[in-house]
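Asks: here is a sequence together with a model predicted from it:
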2 protein chains.
Amino acid sequence: MLSLGEGQNGICIVSENEGKIRELNATLRGYGIKLRKCAAKKIEIQSDSIEEIAKFAALQAYSEIKAPLIVDDSALLIEALNGFPGPYSSYVYERLGLRGIIKLMEDIKNRRACFVTALAYIDAHGMEVFEGRVCGEITSRPRGSGGFGYDPIFMPEGSAKTFAEMDIVEKNSYSHRGKAARSFAEWFSRR
Amino acid sequence: MLSLGEGQNGICIVSENEGKIRELNATLRGYGIKLRKCAAKKIEIQSDSIEEIAKFAALQAYSEIKAPLIVDDSALLIEALNGFPGPYSSYVYERLGLRGIIKLMEDIKNRRACFVTALAYIDAHGMEVFEGRVCGEITSRPRGSGGFGYDPIFMPEGSAKTFAEMDIVEKNSYSHRGKAARSFAEWFSRR
């Protein structure tokens, strides 16, 4: 396994979001990739580009812990709200909650929204970024209790369920994070 | 004037916000302090503390241009929205506009909000941060055409006008930015 460059203990994940870590693990496990939570300062810049946010955070964390690591930055972009909450999705979720989004979307016909993830992987050889995206719509009320964050009000195209009504395997089959994690894992396994 | 450490051409201000620069100039001029706009990357981190945001940005910009400079980071904190939009005030303004805030505040009785500014000054001797704060309320509709950003919906305590209904001198007499700029100017002039 050392040839995979991940050392004995797996790849570091720099995140405090347990839901995120659970979902990444559920995908990566299938490729024999193990994650371990590492404590590192996660410096997130303000940027419209989640790719830039993930890259900056990965570089900073790598300069601190000097071990192969992953940073996952994700955003919900609601078309009728000009991409809000975008890169500040978790801040907005903490402050306004689902109710705030539902209120902002009252009387708005265009319900289209996309979730995007930028997953940055960095080790001594350099950095690679993998993106995943899923579009769908914002529901008029929360449904389901799975997942985390905006999952109860996001229903991906091709499904009649919100993310919060799916189990982790079904969610990953549709989700931005699942797609980014699979791209990374395929690349990583090929190296 | 060289003893003031600002060189021949004034202190750099790292900002693309012309309204902000105009207001700072209106205050600092009275102290004989001249600002000039300098091009430097303004790296803004995601943080609940605008002091941290201003300090990080000032340090980064200083490492690039190596000239005495000011960074002004400001936020609107609405009590009933748990401090939203906070450090992401300008992003939220661009995406949701005044209408978004008015919609979020519909049917909410507690209209209290505060504006805060952290003004970071840095030169070869080190960094100092000056804070200014003003509280007041969010109006139910926009009034006035002066100022910028959230000014049409913010009415400071002790006034029956919104910031957008005031001229720049009157706004500065109340405002977060005016207070921070005066603290800085008094400190700077005393050095």
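Replies: That came through, no problem.
Asks: residue farthest from the centroid of chain A?
Replies: A:Asp107 (28.9 Å; Cα atoms, centre = their mean).
Asks: tell me the SS of that one?
Replies: coil (DSSP: H, G, I helix; E, B strand; the rest coil).
Asks: try the one 3 residues further on
Replies: In the three-state summary, A:Asn110 is assigned as coil, counting by three-state DSSP.
Asks: which one is it nearest to, not counting chain neighbours?
Replies: A:Ala80 (4.4 Å; Cβ to Cβ, 6 or more residues apart in numbering or on different chains). (Each C-beta comes from the backbone N, C-alpha and C, glycine too.)
Asks: would you agree the one you found is in contact with A:Glu106?
Replies: No: in this structure, A:Ala80 is not within contact of A:Glu106 by Cβ atoms under 8 Å, at 11.0 Å.
Asks: these two - which one has more neighbours?
Replies: Each of A:Ala80 and A:Glu106 has its neighbours counted (other Cβ atoms under 10 Å in any protein chain shown); A:Ala80 has more, 15 against 9.
Asks: check contacts around the more buried one.
Replies: Counting by Cβ atoms under 8 Å, 6 or more residues apart in numbering or on different chains, A:Ala80 makes contact with A:105, A:108, A:110-112.
Asks: need the pLDDT of it.
Replies: Listed pLDDT for A:Ala80 reads 98.
Asks: ok so, going back, for B:Val92, see how far away the residue farthest from the centre of chain A is.
Replies: 20 Å (Cβ to Cβ, to the nearest Å).
Asks: where do the helices sit along chain A?
Replies: Counting by DSSP state H, chain A has helices at residues A:18-28, A:50-65, A:89-104, A:168-174, A:176-190.
Asks: between those helices, which one is nearest to chain B?
Replies: Relative to chain B, the nearest member of the helices of chain A by Cβ to the nearest Cβ is helix A:89-104, separated by 4.0 Å.
Asks: which strands and helices sit next to the closest one?
Replies: Counting contacts by 3 or more Cβ pairs under 8 Å, 6 or more residues apart in numbering or on different chains; DSSP states H and E, helix A:89-104 is packed against strand A:69-78, strand A:85-86, helix B:89-104.
Asks: please redo it, this time with the cut-off set to 7 Å
Replies: Counting contacts by 3 or more Cβ pairs under 7 Å, 6 or more residues apart in numbering or on different chains; DSSP states H and E, helix A:89-104 packs against strand A:69-78, helix B:89-104.
Asks: anything in stretch A:29-48 near chain B?
Replies: Yes: Stretch A:29-48 reaches chain B (Cβ under 7 Å from any Cβ of the partner chain) through A:43-46.
Asks: need the CA coordinates for that stretch. CSV is fine.
Replies: Extracted C-alpha coordinates of stretch A:29-48, given in CSV (Å, rounded to 0.1, in the frame of the first residue of the first chain):
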residue,chain,number,x,y,z
ARG,A,29,-13.5,2.5,1.2
GLY,A,30,-14.6,0.7,-2.0
TYR,A,31,-11.3,1.6,-3.5
GLY,A,32,-9.3,0.5,-0.5
ILE,A,33,-8.5,4.1,0.4
LYS,A,34,-8.5,4.9,4.1
LEU,A,35,-9.0,8.4,5.6
ARG,A,36,-8.0,9.6,9.0
LYS,A,37,-8.9,12.9,10.5
CYS,A,38,-5.9,15.1,11.0
ALA,A,39,-5.9,18.3,13.0
ALA,A,40,-4.6,21.2,10.9
LYS,A,41,-5.6,24.8,10.6
LYS,A,42,-8.1,25.0,7.7
ILE,A,43,-7.7,28.5,6.3
GLU,A,44,-10.6,29.2,4.0
ILE,A,45,-10.3,32.2,1.8
GLN,A,46,-13.3,34.3,0.6
SER,A,47,-13.6,33.5,-3.1
ASP,A,48,-16.3,32.8,-5.7
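Asks: what comes up buried for that stretch?
Replies: Buried positions in stretch A:29-48, judged by neighbour count with 16 or more other Cβ atoms under 10 Å in any protein chain shown: A:33-35, A:38, A:40, A:42-47.
Asks: repeat that for stretch A:148-160.
Replies: A:148-156, A:159.
Asks: burial measure for the nearest residue to A:Lys34 once chain neighbours are set aside, as a count.
Replies: With Cβ to Cβ, 6+ apart as the criterion, A:Lys34 has its nearest non-adjacent residue at 3.3 Å, and that residue is A:Gly10. Here the number of neighbours of A:Gly10 (other Cβ under 10 Å) works out to 19.
Asks: I figured A:Gly10 hits A:Leu35, correct?
Replies: Yes: between A:Gly10 and A:Leu35 there is a contact under Cβ atoms under 7 Å: 5.5 Å.
Asks: now do the contacts for A:Gly147.
Replies: By Cβ atoms under 7 Å, 6 or more residues apart in numbering or on different chains, the contact set of A:Gly147 is A:19, A:163-164, A:171.
Asks: for chain B, what are the nearby residues on chain A?
Replies: So chain A meets chain B at A:43-46, A:81-84, A:88, A:91, A:95-96, A:100, A:103-104 (Cβ under 7 Å from any Cβ).
Asks: from the buried residues of stretch A:29-48, which two are the most distant?
Replies: Farthest pair in the buried residues of stretch A:29-48 (Cβ to Cβ) is A:Lys34 and A:Gln46. Separation: 32.5 Å.
Asks: measure A:Arg133 to A:Glu51 for me?
Replies: The value you get for A:Arg133 to A:Glu51, if Cβ to Cβ is used, is 12 Å.
Asks: now do A:Gly147
Replies: From A:Gly147 across to A:Glu51, the span is 23 Å (Cβ to Cβ).
Asks: okay, and the beta partners of A:Ile11?
Replies: A:Leu35 (DSSP bridges).
Asks: assess the claim that it and A:Ile70 are in contact.
Replies: Yes: counting by Cβ under 7 Å, A:Ile11 does reach A:Ile70; the two are 5.7 Å apart.
Asks: shared neighbours, the two?
Replies: With contacts taken as Cβ under 7 Å, 6+ apart, A:Ile11 and A:Ile70 have A:Leu35 as neighbours in common.
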